[in-house]
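1. just need the structure, nothing else, for what follows:
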Amino acid sequence: MSTPAIADGPAPPGVTPTLARSIGPFQLFAYTLGGMLGAGIYGLVGRAAGELGAALWLGFLVAMVAALLTGLSYASLGSRYPQAGGAATITQRAFARPLLTWVVGLAVMASGLSSVATQSRVVAENLLRLAGLEAVPAIVIALGFLLIVCGIVLRGIQESMWVNILCTTVESAGLLLVIAVGIPHWGSADLLETPDGEGIGLSFLMTGAILTFFAFIGFEDTINVAEEARDPRRTLPFGIIGAMLVATLLYIAIAITAVSVVPWRELAAAPGPLAEVMARAAPWLPGWFYVAITVFAVANTALLNYVTASRLLFGMARQGLLPKALAAVHARRRTPHVATLALLPVLVALILAGDIGQLAAATVLLLLAVFTVVNVALLVLQRRPGEAKGGFEVPWPVPAAGALVCGALLLNRLATGDWRAPALAGALIALILLGYAVLRPKVTAEAMQG
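-> Sure, this is the predicted structure:
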């Protein structure tokens, strides 16, 4: 495995180019926060209100605690092993089982690619709404947007970071505006009122955690760019933990504002919950405002997932699990350009496939399984004699509890969700296993040794 570069800028002549460490602490924080503040919060508030009533703010708080366990594990692992490849790199180091590493890596990649394809279509549909050009085929706009995202990722990690900061600023400003116009209404609702009127118990808290857990997921994106961060032993934990805390404050304030302005029963029935809040608290705001913010939020999600998938592909190729050519780094731009371009035809095919909502739901199940594996991996590495410590260490009960929480959420989704998502998840795993059997990848000796 090549030694990560420290300097930024083009690689000197005759020197094999590597990824450049150029991401600062604020950029890493914004990157993690941008991965969390997707467009999902704008619809999630309504669904959560239907299940949790006016106490939906408590659901976000419980979900943050549950997600923070895994977030802390990722922060610790990222400070120990700041290398591209994320969960795949960690899995190989902990278990030295190429098949398991292959499954974990491709499961995360499937999640990222399905997200990029879905968000590309959503961006296209919202742009056409803003322009009033519904007659234009959305597929054309979606493919054009995908090419722009691919170009940004190819251009450089700094360009991707600055675009993320712009998008994160816009989506954060949208949420802060909702809070600002709604604060005068605070105190008008009973924030402990639940739909069944039976109060808040363990079942209620579990429902809240299950509903809102994925509003805090962003650490998988962050660990995949750890190799490009300056002083990742310090900045990566700061980015993950800081972003989770800020997101929690925003989500709780949004939840309190929403049920204070719109009664929770009406909020649950509203097609656009936060748009309904703004219509009542700030009727002067033009209707296109939140459509525009949605474009920024969804575009940001697509960009971050493209970056994650490209670094994951690059890291697995460097381990020997994928063709060596995918581990190439552009001498001038210092980006994994071959891996980035290799993803493009796959994404085009997914966009042309149409509605891949079931695929996205299936990859959510795979992500929960991956989070469980990563938490267990940290337990293994913590107990291994001679394993180097990171800049941020957590006690063993943290990854143990994280593994239990993610495992419980996975079992709950399997037991209560639509059968099609688990079936498709099983089919994806079968396809991944078939790919391993056909390709028989050879892991490098260094990767085998961890």
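
2. what about Gly201, neighbour count?
-> Gly201 has 10 neighbours, counted by other CB atoms under 10 Å. Bear in mind the C-beta positions are built from the backbone N, C-alpha and C, glycine included.

3. phi and psi next, for it.
-> Main-chain dihedrals, Gly201, degrees, to the nearest 10: phi -130, psi -170.

4. pLDDT at Leu52, what is it?
-> As predicted, Leu52 sits at a pLDDT of 89.

5. what's the first helix or strand after the helix or strand containing it?
-> Using DSSP states H and E, Leu52 sits within helix 40-52. Counting by DSSP H and E, the next helix or strand C-terminal to helix 40-52 is helix 56-80.

6. and the angle for that next one with helix 40-52?
-> 130 degrees (axes from the mean of the first three to the mean of the last three CA atoms, to 10 degrees).

7. from here on, call the first residue 41.
-> Right, with 41 as the first residue, what we last looked at is helix 96-120.

8. for helix 96-120, buried residues please.
-> 96-104, 106-120 (16 or more other CB atoms under 10 Å).

9. what's the answer for stretch 310-326, then?
-> 310, 312-319, 321.

10. what's the average pLDDT for that stretch?
-> 89.

11. which residues are contacting that stretch?
-> 81-83, 85-86, 89, 217-218, 221-222, 224-225, 294, 297-298, 301-302, 306-307, 327, 329-330 (CB atoms under 8 Å, 6 or more residues apart in numbering).

12. could you rerun that using 6 Å?
-> Stretch 310-326 has contacts (CB atoms under 6 Å, 6 or more residues apart in numbering) with 82, 85-86, 218, 221-222, 298, 301-302, 307, 330.

13. what's the end-to-end length of that stretch?
-> 18 Å (CA to CA, to the nearest Å).

14. do a quick rundown of the helices in the stretch 91-240 of the chain.
-> 96-120, 126-135, 138-171, 178-195, 197-222 (DSSP state H, counting those that start in this stretch).

15. quick revisit: a markdown table for the contacts of stretch 310-326, including pLDDT?
-> Shown next, in a markdown table, are the contacts of stretch 310-326 (pLDDT from 0 to 100):
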| residue | pLDDT |
| --- | --- |
| Tyr82 | 78 |
| Val85 | 89 |
| Gly86 | 88 |
| Val218 | 93 |
| Val221 | 94 |
| Gly222 | 94 |
| Ala298 | 95 |
| Val301 | 95 |
| Val302 | 94 |
| Leu307 | 92 |
| Tyr330 | 81 |
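
16. make a markdown table out of those residues and add distance to Leu421.
-> Output for the contacts of stretch 310-326, formatted as a markdown table (distance: CB to CB, whole Å):
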| residue | distance to Leu421 |
| --- | --- |
| Tyr82 | 38 |
| Val85 | 38 |
| Gly86 | 41 |
| Val218 | 42 |
| Val221 | 48 |
| Gly222 | 45 |
| Ala298 | 41 |
| Val301 | 47 |
| Val302 | 47 |
| Leu307 | 44 |
| Tyr330 | 44 |
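
17. any idea of the mean pLDDT for stretch 394-401?
-> Here the average pLDDT along stretch 394-401 is 78.
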